[in-house]
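Participant: fold the stuff below for me.
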Amino acid sequence: MLPAKKFTDFIEQNGLFDHEGTVLAAVSGGMDSVLMVHLLKAAGYKFAIAHCNFQLRGDEALADQAFCEALANQNNIPFHTINFSTQQYAAECKISIQMAARELRYNWFEALRQQHQYTAIALAHHQNDAIETILLNLVRGTGIAGLHGILPKNGLLVRPLLFLTRDEIEKLIKDNGFAYVEDSSNASTKYARNKLRHEVIPKLRELNPALENTFQNNLQRFKDLETLLELRVADLKAEWLTAVDEEIHVPIAAVKQLNPQRLLLYKLLQPYGFNETSIDDLIASLDKHSGRVFESASFKLILDRDKLIIAPLEKAEHQTVSILKNDESVHYGDYRLNILHDDTPLIIKDNPMAVSVDAAKLVYPLSIRAWLQSDSFYPLGMKTRKKLSDFFIGLKIPVHKKQQIPLLINGNNEIIWVGGYRPDDRYKVTENTKKVIIFELYKR
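Facilitator: Have a look, this model is predicted:
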């Protein structure tokens, strides 16, 4: 007798899938996935079977593949199978065999799902798998999300056997006389999960014979805690995170009020790729000088005077672009620089994106580039040299914005114009100017 009603109830309670669509069932041939096949059929769901041969166990893997195909044929179920060159893939990607097998199978499952319009991908994980996952996460280090173990539903991946323990599955297989195959690698303790399964969990069960029930209750508590944390983080994002163009601004005063600070700040910054080490360094820097920059794979975080600034990492630094005497426009990064040659001594006013320059003072080729730490110039109206870094500080330009400012450079390496901010006093148009060149920046 199969627990088809409990199976269906678990699927419906967790919103895994319905009777309308067709499910893709991942089947290895082991007792867990074999029971899932029989339950899906007994409950009246439409489904297909997918089996992977990772070509790691020779004839044994071929026998598993043949068994799964026979199981599908006997039950008149559509069947998909594939042979992977797992060792070659692992070597090419420089990852472990286990990680290679995981990537290969999940990528293939998703390709099948899209090709055949399957509504979900069913995996045969059970309660003991969830326990093993939690213990592995605890040993390796985890946050709250790692404590709820395996969820019944994660996107289109569903696990309809999570209401059963391994012992219950074994009993159902035996009582119903279902044939299955045994993967010999499951007995090896060289894999961390198998070591937990065969050596650690039996010892824990000696301390608590109702281990599965206890963990199941704990899983729910951890899941509830995670939900509570996510709600708190969502409130903080709505209250404190402000989008400014492509940036996110967070008031430092708010960061200092967070409690527990480390956990909440980590959850706020986690979507931008910042890890716990970065969070620790950031917290240690909050009361120090501004200007510290932290980087993740895709974002940078700048500790500004009164706020944190999160911005996408810029593309590779702009290369220096040359400007020849007869050029009428050049491109630099996200900018286009238009060049107007004019015999009239016209002075541009009230437009920071344009400047009039005395043509007689230009030495070609000119160039346009990003700022260097050693740069200095004579800001318009001043007769003394000023370091460009001090000029930026005076205007309170954040660190990450400095590299985005285009500098117009004369052929003698002097700054002609800090684009969008200030021309150099030495190149201004005067009553003695005979010919003017106008430079105008446009953001592309």
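Participant: going by C-alpha atoms from here, please, whenever you check contacts or count neighbours.
Facilitator: OK.
Participant: list the contacts of the helix or strand of the chain with the lowest mean pLDDT.
Facilitator: Lowest by mean pLDDT, DSSP states H and E among the helices and strands of the chain is helix 399-402, with a mean of 73. In this structure, residues lying in contact with helix 399-402 by Cα atoms under 8 Å, 6 or more residues apart in numbering are 291, 302, 371, 392.
Participant: I'd like the distance between the last one and residue 298.
Facilitator: This means residue 392. 25 Å (Cα to Cα, to the nearest Å).
Participant: these two - which one has more neighbours?
Facilitator: Shown here are residue 392 and residue 298; by other Cα atoms under 10 Å, residue 392 has more neighbours (15 against 12).
Participant: that one and residue 438, how far apart?
Facilitator: 24 Å.
Participant: mean confidence (pLDDT) on stretch 120-128, please.
Facilitator: Mean pLDDT, computed over stretch 120-128, is 95.
Participant: start and end of that stretch, how far apart?
Facilitator: Per Cα to Cα, stretch 120-128 runs 22 Å from first to last residue.
Participant: roughly how far is it from the heart of the chain?
Facilitator: 25 Å (Cα atoms, centre = their mean, to the nearest Å).
Participant: so residue 63 sits in a helix?
Facilitator: Yes: counting by DSSP: H, G, I helix; E, B strand; the rest coil, residue 63 is found in a helix.
Participant: assumed residue 80 was part of a helix.
Facilitator: No: going by three-state DSSP, the assignment for residue 80 is strand, not a helix.
Participant: across the sheet, point out what pairs with it.
Facilitator: Note on residue 80: beta-bridge partners residue 50, judged by DSSP bridges.
Participant: correct me, but it touches residue 65?
Facilitator: No: with contacts counted by Cα atoms under 8 Å, residue 80 stays clear of residue 65, the gap being 10.2 Å.
Participant: so for those two, which sits in the more crowded spot?
Facilitator: Between residue 80 and residue 65, residue 65 has the larger neighbour count (other Cα under 10 Å), namely 22 against 17.
Participant: next, residue 121: secondary structure please.
Facilitator: strand.
Participant: that one bridge partners, please.
Facilitator: Assigned bridge partners for residue 121, using DSSP bridges, are residue 24, residue 157.
Participant: tell me the helix or strand right after the helix of greatest length in the chain.
Facilitator: In the chain, with assignment by DSSP state H, the single longest helix is helix 211-240. Using DSSP states H and E, the helix or strand that follows helix 211-240 towards the C-terminus is strand 242-244.
Participant: give me the below-cutoff pLDDT ranges for this protein.
Facilitator: 148, 184-191, 289, 314-318, 342-349, 400 (pLDDT under 70).
Participant: same thing but at 50, please
Facilitator: 316-317 (pLDDT under 50).
Participant: can you give me the domain boundaries for it?
Facilitator: 4-220, 241-312, 321-443 (automatic domain parsing).
Participant: so what touches the helix or strand where residue 172 lies?
Facilitator: Using DSSP H and E, residue 172 sits within helix 166-176. By Cα under 8 Å, 6+ apart, the surrounding residues in contact with helix 166-176 are 1, 2, 31, 32, 35, 126, 127, 128, 179.
Participant: highest neighbour count among these?
Facilitator: Neighbour-wise, these (other Cα under 10 Å) top out at residue 35, 24 neighbours.
Participant: list the contacts of it.
Facilitator: Here residue 35 is in contact with 169, 172, 173, 178 (Cα under 8 Å, 6+ apart).
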